[in-house]
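> One predicted model, sequence on top.
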Amino acid sequence: MDIDKNRIYETDMPMGLDIALAQNETAHEYFYSLPETEQKQIIDHTHTIGSKEEMRAYVNSLVGGKSKYEL
């Protein structure tokens with residue numbers, strides 16, 4: 001199996017971001033469509049987030065909307 005070196009893998013992902021992305025399919029697809037440098041910028045920003053609500057709002061803001069769970 002070849003490893004895609006341009007992809008951030010779950011082991012590199014902060015748990016809160018991983019959970020929030022799992023709850024927003026659109027944001028999940030968007031995040032993994034980005035180049036690794038942009039994924040890392042998003043990950044770096046998450047280190048300033050202090051709650052799961054803030055993380056959810058940040059992830060939702062990546063795609064300019066709400067997750068299907070907030071409709």
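On my side now, so go ahead. Residues are numbered from 1 along each chain as shown.

> Can you name the element that comes right after the host helix or strand of Thr37?
Thr37 is located in helix 36-46, with elements delineated by DSSP states H and E. Note on helix 36-46: by DSSP H and E, the next helix or strand toward the C-terminus is helix 52-62.

> what's the angle between that following helix and helix 36-46?
Per axes from the mean of the first three to the mean of the last three CA atoms, to 10 degrees, the angle that helix 52-62 makes with helix 36-46 is 150 degrees.

> Which elements pack onto helix 52-62?
helix 15-22, helix 25-33, helix 36-46 (3 or more CB pairs under 8 Å, 6 or more residues apart in numbering; DSSP states H and E). Every C-beta, even on glycine, is put in place using the N, C-alpha and C of the backbone.

> Relative to Ser61, which of these is closest?
When the helices and strands packed on helix 52-62 are ranked by proximity to Ser61, the top entry is helix 25-33, at 8.8 Å, counting by CB to CB.

> okay, and for this structure, where does confidence drop off?
Residue ranges of the chain with pLDDT under 70: 1-11, 65-71.

> related to what we said a few turns ago, if we go by neighbour counts, what in the helix holding Thr37 is buried?
Along helix 36-46, these residues count as buried under the neighbour rule (16 or more other CB atoms under 10 Å): Gln39, Ile42, Thr46.

> ok, so of these, who is nearest Tyr58?
Thr46 (7.0 Å).

> what residues are up against that closest one?
Pro14, Gly16, Leu17, Met55, Tyr58 (CB atoms under 8 Å, 6 or more residues apart in numbering).

> and with 10 Å instead?
By CB atoms under 10 Å, 6 or more residues apart in numbering, the contact list for Thr46 reads Met13, Pro14, Gly16, Leu17, Asp18, Ala20, Glu54, Met55, Tyr58, Val59.

> among those, which ones are buried?
Burial by neighbour count, 16+ other CB under 10 Å: within the contacts of Thr46 this picks out Met13, Gly16, Leu17, Ala20, Met55, Tyr58, Val59.
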